[in-house]
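> need a structure here:
(chains A and B)
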Amino acid sequence: MMKKRDGVPNFMNGVPELLVLQLLKGREMYGYELVQAIRERTGDAIVFAEGVIYPVLHMLEREGALQSRRQSVAGRSRIYYSLTPAGISRLAGIAANWRKLSQAIGSLLGEPSHA
Amino acid sequence: MPDRFTTLRERLLHAGLRPSIASRYAAELRDHCEDIVAELVAEGVAADAAHRVAMERLGGQDVLAAAMLADVRARSWTGRWPWIVFLLGPALVHALLLVGLLLMVGCVAATARLSEWTGTAGVLAEILLVYLQPVTVITVLAVLALRQRSRIFWLLAGGAVAVLVSSVMRLRVVLPAAHQGGLLVIEPVPPYAMHVAVMMAVTLACALVLGRWVARGP
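Residues are numbered from 1 along each chain as shown, chains lettered A, B, ... in the order given. Sure thing, here's the model as predicted:
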């Protein structure tokens, strides 16, 4: 019987956070800018309803991983998000988990099939 | 006619999302939509078509609402536990105020000589407890209900609790007669119909104003 283990990542859990945190590392952005960056950096491989980026941003801000500030640009008030120190630690954790998972799947896919 | 983002905000408020978060989400989505339209128009797409594409790219109402409502921490007390805010809240406020006023009057009576001023303080305490407090509580409940788009039932129920509690749990400070020297009486006062009727009318008026406001739409 398989034992339930703590810390085992759900496959897609943390992907939106990983993308957001990674892209905000070292540079603040607003929602639209962030979605454009995701599209460009992933070559449109990750397709999602663009509006759902905001619940992710709000959740990360609520948990202290991001901070936001309003700025008026050309008569419009934009909300810029940036990483906090807690966000940097969180990014390191999620990125490490993702690399481990990616490596495991990579080695599985690379295995020769048994006849 | 309300636009798509206003409709989404209303839907989220009805579902219990905090008003500040719902407004911010709607504003961010509106800005995002305008950015997509501007990008497409700059590429030569017609404005109507650009708007249609922007709506598709943003996601449907169900998807956008579900994504925001998935995190229960974004919901307000009024949205998650209306019975606590509207039913227990008024009773708790009244009880705290009653205890505070009893302590205050008790302290005044214990540390100073009784005077006309003590009697005036007692009358003011009674006015605060019986009239000002329920009116204030009802006003606050009306504002909360309006902001959260709560059902009018909750405002009526909360107003009724505020009125009943303030009518039943009253106190009166009675200064001693000259020949009794030093006896201050704080006694419970039975509710009387006129007071309950007037306060219920205030609650109803608040509920009607709220109802008209909500019916008129944003």
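> ok, the closest residue to chain B within chain A - contacts?
At 2.5 Å from chain B, residue A:49 is the closest residue in chain A, using CB to the nearest CB. Quick note: C-beta positions are derived from backbone N, CA and C, even for glycine. By CB atoms under 8 Å, 6 or more residues apart in numbering or on different chains, the contact set of residue A:49 is B:57, B:58, B:59, B:60, B:63, B:64, B:67.
> again, but for residue B:41
Residue B:41 is in contact with B:47, B:50, counting by CB under 8 Å, 6+ apart.
> How about the backbone phi and psi for residue B:167?
phi -80, psi -30 (degrees, to the nearest 10).
> List the contacts of the residue of chain B found nearest chain A.
Nearest to chain A, among the residues of chain B, is residue B:59, at 2.5 Å (CB to the nearest CB). Residues in contact with residue B:59 (CB under 8 Å, 6+ apart) are A:48, A:49, A:50, A:51, A:52, B:67.
> Would you mind measuring from it to residue B:32?
Distance, residue B:59 to residue B:32, by CB to CB, to the nearest Å: 10 Å.
> How about residue B:163?
Residue B:163 sits 46 Å away from residue B:32, going by CB to CB.
> With secondary structure and pLDDT as added columns, please give the contacts of residue A:49 in a markdown table.
Converted to a markdown table, the contacts of residue A:49 look like this (DSSP: H, G, I helix; E, B strand; the rest coil; pLDDT from 0 to 100):
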| residue | secondary structure | pLDDT |
| --- | --- | --- |
| B:57 | helix | 93 |
| B:58 | helix | 93 |
| B:59 | coil | 92 |
| B:60 | coil | 91 |
| B:63 | helix | 92 |
| B:64 | helix | 93 |
| B:67 | helix | 91 |
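> List buried residues within those residues.
By neighbour count, with 16 or more other CB atoms under 10 Å in any protein chain shown, the contacts of residue A:49 hold B:57, B:58, B:59, B:64, B:67 as buried.
> Help me confirm that the last one comes into contact with residue A:53.
No - counting by CB atoms under 8 Å, residue B:67 does not reach residue A:53; the two are 9.1 Å apart.
> Just give the number of residues close to residue 52.
No chain specified, so I'll use chain A. Residue A:52 has 19 neighbours, counted by other CB atoms under 10 Å in any protein chain shown.
> that answer is for a different chain, and I need it for chain B
Close neighbours of residue B:52, defined as other CB under 10 Å, add up to 14.
> same deal with residue B:10?
Look at residue B:10: counted by other CB under 10 Å, it has 17 neighbours.
> quick one on the thing from earlier: which pair in the contacts of residue B:59 spans the largest distance?
A:50 and B:67 (11.1 Å; CB to CB).
> isn't residue B:213 right next to residue B:147, touching?
No - contact criterion CB under 8 Å: residue B:213 and residue B:147 do not qualify, at 10.8 Å.
> Settle it for me: which of the two has more neighbours?
For residue B:213 and residue B:147, the more surrounded residue by other CB under 10 Å is residue B:147, and the numbers stand at 16 against 13.
> That one and residue B:19 touch, don't they?
Yes - in terms of CB under 8 Å, residue B:147 counts as a neighbour of residue B:19; the distance is 4.6 Å.
> so what sits against both of these two?
Among the neighbours of residue B:147, those also in contact with residue B:19 (CB under 8 Å, 6+ apart) are residue B:13.
> picking that back up, next, the residue of chain A closest to chain B: phi, psi?
phi -70, psi 120.
> count of neighbours near the nearest residue to residue B:86 once chain neighbours are set aside?
Distances taken as CB to CB, 6 or more residues apart in numbering or on different chains place residue B:158 nearest to residue B:86, at 3.4 Å, with adjacent residues excluded. Residues near residue B:158, counting by other CB under 10 Å, number 30.
> right, and residue B:158 touches residue B:88 too?
No - using CB under 8 Å, residue B:158 is not in contact with residue B:88, being 9.5 Å away.
> Contact residues of chain B facing chain A?
B:21, B:24-25, B:27-29, B:31-32, B:34-36, B:57-60, B:63-64, B:67-68, B:70-71, B:73-74 (CB under 8 Å from any CB of the partner chain).
> Need the three-state assignment for residue 45.
No chain specified, so I'll use chain A. Three-state assignment for residue A:45 (DSSP: H, G, I helix; E, B strand; the rest coil): coil.
> The intended chain is chain B.
What three-state DSSP gives for residue B:45 is coil.
> Now for it: which residues touch it?
Residue B:45 touches residue B:53, counting by CB under 8 Å, 6+ apart.
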